[in-house]
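Peer 1: When you get a sec, could you give me coordinates for this:
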Amino acid sequence: MNVTKPEPAICNSLNIGGFTRMLAMKHAIEVINNSSLLNGLMLGYEIYDSCSDVSTAIRATMAFLNYPGSCAQEHYNTSEPPVRVQAVVGEAYSEISIAVAHLLNLELIPQISYGSTAEILSDKMRFPAFLRTVPNDYHQTKAMVNLIQNNGWNWIGFITTDGDYGRSAIESFVSQASELGICVAFKVFLPNFLSDKNTDTKINQAINTIRKNQRVNVIVSFAKPAHMMKIFDSFCEETLGKIWIASDSWSMSKEVIHKSKLTNIGKIIGFTFKTGNITQFQHYLSSLNDGILKDFLSDHTDHVFLNDTTNIKNTQESGINVLINNLHRDAVYSIQMAISAIANAVVDLCKETNCKEPANIHPYELLISLKKTEFEQNGRSLRFDSNGDINLGYNVVVWKSFNGDIDVDNTVSEYDINNETFIFSSNAKKQELDLRVKSCKPGQFKKTSEGQHTCCYQCTNCTDNHYSNDTDMDECLSCNTSTEWSPHGSSNCTAKQVEHFRWNNGFAMVLLGIAALGTLAVLVIAIIFIKQRQTPVVKASGGPISYMILLSLLSSFISSVFFVGHPFSLKCKVRQVLFGLSFACCVSCILVKSLQIILAFQFKPDLKNALKKINKPYVIIACCVGIQGLICTLWLILKSPEEERIVLETTILVNCNEGSYIFFGVMLGYIALLAFVCFVCAFMGRKLPENYNEAKFITFGMLLYFISWIIFIPVYVTTSGKYLPAVEMVVILISNYGILCCHFFPKCYIILFKKQNNTKDVFRQKLFEYSSKMMRSKTAIRTSSINSLAVSTCSTTTPFCLVSDIKCVECFGNFDKFTKSQYTGTAIRRKRISSI
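Peer 2: Down below sits the predicted model:
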């Protein structure tokens, strides 16, 4: 690198914003001088262009001091003012203000900045002569963090300059944001000045970083307008759709929207300093019609830092419009406050000192006066705080585009520094600042991808039996699965519905109707049998045993009702025991009838004698029912049925746990054993006289019982849920109706509709026909049977005995003689057969 003679930097572009700020200072001084505030004194001024360069600004500062080109002068005449100026207004950028402040500190020359917001400048130990009419960046970053929190953003990008201002801003932002769970996805540092040879490289890196972080929807920028223009220009053919939070450094610089469009860039929210009425200055700009402005702007047209669409050469009015359109209202107002503060401080100082002699005023005295002075601006009383700041707060603007024109003065809110709150003038304005990004809704939680930051997450639905009842929850809460459940993506838990075979269930109502119909049928049959108890058909049905069967069927129908409704332990015990005992009694009675059928028509002497010995009907019934009672008693004592609550995914199933399925099987198996004996006995007597033979009906009834209970076993084992009790209820009803249909309905049909068959003569005829058939086919058996009959006189009231259980049968004397004669229906000698 070649070393050459140092030369001042050359400013090669015109910054319209800086030019209007210079005019604002000039106008403010002229207003003060034209007023009576200074009582004849005049404020003079010198204006230097820093070219946004630290070295240039330092050279200008040294000119303010009484140092001829360097700070190496050791001696100067203390009798004359050591400096040429009493106060300095500027600079806009914090980096330049920091450098200048170090020089001004040597003589404690008051420096009042209208735009330098670096937090470090509030340190009065390092910068005792620095004052400013704007808040420091701590308040601005605090306001930004509050805005981000209010909108639920937590994955943020940050762009700033690589200097004291930018690094101070990002440190302040990150420290406050991290406390609220807001994460910074990336940090981009850009060179302070565009003249830096690495500027383009750094900006390209920033552009690539933005493209890479697609999930970052909010970007905070403390960069300069020139930086932002280059970044936005690179996205001119893309749609970013980001939310940009602009610091005061570029929040009013609409020239950054150069080649791109605001609709492509996204939404820009800017923080600007509080402003006041600057109408007088706008009128001043409008009055610049002496031609100088037009010539000046025309000479610098090719180097103006403006939007390409601005045409300065058209007319003088267009030049004024350029100034007005690029007017930063907050900067103008801050400059006016700075000039007003100096003027009022001079007034206060001159009350104690003869200010007409310049040697009587020293900068440090003016500095002391500035820190004490309270002044008014637009009717507002102002003064510098202990940090040398005037904290008016911020205006929040949202940029808008109208037909290609950018409106940067759309103020939607004010930020109160003291209360740290946003103040809205209307709900409409509040809605403009309500830019909440999609948050995780209730029913979702924030799921962080593996290897990603906790703030980088996806909204994932809660799994089953978990819920989230607020937005942006980090995890889902668990339901109490014993009583609650929740579906996928639920925001609350739902109480599990208790399920059982309810009374209002359609299927239950059908079964209850069938049970009620069966109960009614039993009662009707009982009434019919009682009224027709003297008829041959009723007597042939077994007399009292038939009534026991009907009573058992009635109990069995009633037991089926206990299978419906909310089960509880007592109900679970009653329904099985009642069914087991009642049906065992019913089958026992049928078993007795089956034995009597065989006994009545059994012609083998040995077998007949054996059957006579065991033909104790009521003893048999009592023993059979007693055994079933013993089984049920042991079941209830050892492991009885009880209520059971089974917690399912979405319901709670309440049913009866049979306790011991072994006893349950033994109870049903015992009934099946009795039914099988009945079936065998009935099958043996299936060829008895048709009109009064019950063997066939018993056979059919038992077959129906076996089929239904054989089907019941696999269905019961494979069925679960609230309809499990219905399975057993169905089988009970089928069994009951099978007995009713096969045992009692045929008899009721004869009694009600075939009365001609319900006579003694018909029964004698059928018995004769059966006896004749048997005599012809088995003569030997017939003779043996007749000889073995114990004959006695039959009662006159029982002329004929049916084959089932009546004690008397019709005796025809000598079968050979009877077969040779014709049956005439006349009275025949009757004999009683004992012990049948």
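
Peer 1: C-alpha from now on. contacts and neighbour counts both.
Peer 2: Fine.

Peer 1: Which helix runs longest in the protein?
Peer 2: For the chain, the longest helix by residue count, based on DSSP state H, is helix 569-600.

Peer 1: What is that helix packed up against?
Peer 2: When contacts are defined as 3 or more C-alpha pairs under 8 Å, 6 or more residues apart in numbering; DSSP states H and E, helix 569-600 packs onto helix 544-561, helix 605-614, helix 617-639, strand 642-647, strand 651-657, helix 661-684, helix 695-718.

Peer 1: Comparing the ones you listed by mean pLDDT, which bottoms out?
Peer 2: Between the helices and strands packed on helix 569-600, the lowest average pLDDT goes to helix 605-614, which shows a mean of 66.

Peer 1: just how off-centre is the longest helix of the chain within its chain?
Peer 2: Once both centres are worked out by C-alpha atoms, centre = their mean, to the nearest Å, helix 569-600 turns out to sit 57 Å from its chain's centre.

Peer 1: same thing with stretch 163-177?
Peer 2: Relative to the centre of its chain, stretch 163-177 is centred 38 Å away, using C-alpha atoms, centre = their mean.

Peer 1: List of residues touching that stretch?
Peer 2: Residues outside stretch 163-177 that contact it (C-alpha atoms under 8 Å, 6 or more residues apart in numbering) are 93-95, 117-120, 137-138, 141-142, 145, 158, 160-161, 183-184, 189, 191-192, 222-223.

Peer 1: Which of those residues fall in helices?
Peer 2: Residues from those lying in helices, with DSSP H as the criterion: Ser94, Glu95, Asp137, Tyr138, Thr141, Lys142, Val145.

Peer 1: Can you tell me which of those residues is nearest Trp485?
Peer 2: Val145 (38.9 Å; C-alpha to C-alpha).

Peer 1: With the flanking residues excluded, which residue is spatially nearest to that closest one?
Peer 2: On the basis of C-alpha to C-alpha, 6 or more residues apart in numbering, the spatially nearest residue to Val145 that is not a chain neighbour turns out to be Ala177, at 5.9 Å.

Peer 1: Okay, buried residues for the helix or strand where that neighbour lies please.
Peer 2: According to DSSP states H and E, Ala177 maps onto helix 164-179. Counting neighbours by 16 or more other C-alpha atoms under 10 Å, one finds that the buried residues in helix 164-179 are Asp164, Tyr165, Gly166, Arg167, Ser168, Ala169, Ile170, Ser172, Phe173, Val174, Gln176, Ala177.

Peer 1: Kindly present those as JSON lines, with separate columns for pLDDT and distance to Leu108.
Peer 2: Formatted as JSON lines, the entries for these read as follows, by pLDDT from 0 to 100; distance: C-alpha to C-alpha, whole Å:
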{"residue": "Asp164", "pLDDT": "83", "distance to Leu108": "22"}
{"residue": "Tyr165", "pLDDT": "86", "distance to Leu108": "22"}
{"residue": "Gly166", "pLDDT": "89", "distance to Leu108": "26"}
{"residue": "Arg167", "pLDDT": "90", "distance to Leu108": "27"}
{"residue": "Ser168", "pLDDT": "89", "distance to Leu108": "24"}
{"residue": "Ala169", "pLDDT": "91", "distance to Leu108": "26"}
{"residue": "Ile170", "pLDDT": "92", "distance to Leu108": "30"}
{"residue": "Ser172", "pLDDT": "92", "distance to Leu108": "28"}
{"residue": "Phe173", "pLDDT": "93", "distance to Leu108": "31"}
{"residue": "Val174", "pLDDT": "92", "distance to Leu108": "34"}
{"residue": "Gln176", "pLDDT": "92", "distance to Leu108": "33"}
{"residue": "Ala177", "pLDDT": "91", "distance to Leu108": "36"}
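
Peer 1: can you put those residues in JSON lines and add distance to Lys274?
Peer 2: What follows is the buried residues of helix 164-179, written out as JSON lines (distance: C-alpha to C-alpha, whole Å):
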{"residue": "Asp164", "distance to Lys274": "24"}
{"residue": "Tyr165", "distance to Lys274": "20"}
{"residue": "Gly166", "distance to Lys274": "22"}
{"residue": "Arg167", "distance to Lys274": "24"}
{"residue": "Ser168", "distance to Lys274": "22"}
{"residue": "Ala169", "distance to Lys274": "19"}
{"residue": "Ile170", "distance to Lys274": "22"}
{"residue": "Ser172", "distance to Lys274": "21"}
{"residue": "Phe173", "distance to Lys274": "21"}
{"residue": "Val174", "distance to Lys274": "25"}
{"residue": "Gln176", "distance to Lys274": "23"}
{"residue": "Ala177", "distance to Lys274": "24"}
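
Peer 1: Nearest to Ser541 among the residues you listed?
Peer 2: Within the buried residues of helix 164-179, the smallest distance to Ser541 is 96.4 Å, found for Ala177 (C-alpha to C-alpha).

Peer 1: OK, contacts around Ser555?
Peer 2: For Ser555, the contacting residues are Leu578, Phe579, Ser582, taking C-alpha under 8 Å, 6+ apart as the criterion.

Peer 1: just Ile406 next, same as before
Peer 2: By C-alpha under 8 Å, 6+ apart, Ile406 lies in contact with Lys254, Leu262, Trp399, Lys400.

Peer 1: For it, which residues count as its bridge partners?
Peer 2: Each beta-bridge partner of Ile406 is listed here: Ser401, as defined by DSSP bridges.

Peer 1: And the pLDDT for it?
Peer 2: Predicted confidence (pLDDT) for Ile406: 84.

Peer 1: Please apply the same query to Lys400.
Peer 2: Confidence at Lys400, expressed as pLDDT, is 89.

Peer 1: Check Ser788 too.
Peer 2: Ser788 is assigned a predicted lDDT (pLDDT) of 37.

Peer 1: go on, Lys294?
Peer 2: 64.

Peer 1: rewinding a little: tell me the one of the buried residues of helix 164-179 nearest Phe507?
Peer 2: Comparing the buried residues of helix 164-179 against Phe507 with C-alpha to C-alpha picks out Ala177 as the nearest, at 63.4 Å.

Peer 1: Pro135 versus that closest one, what's the distance?
Peer 2: Ala177 sits 19 Å away from Pro135 when distances are taken as C-alpha to C-alpha, to the nearest Å.
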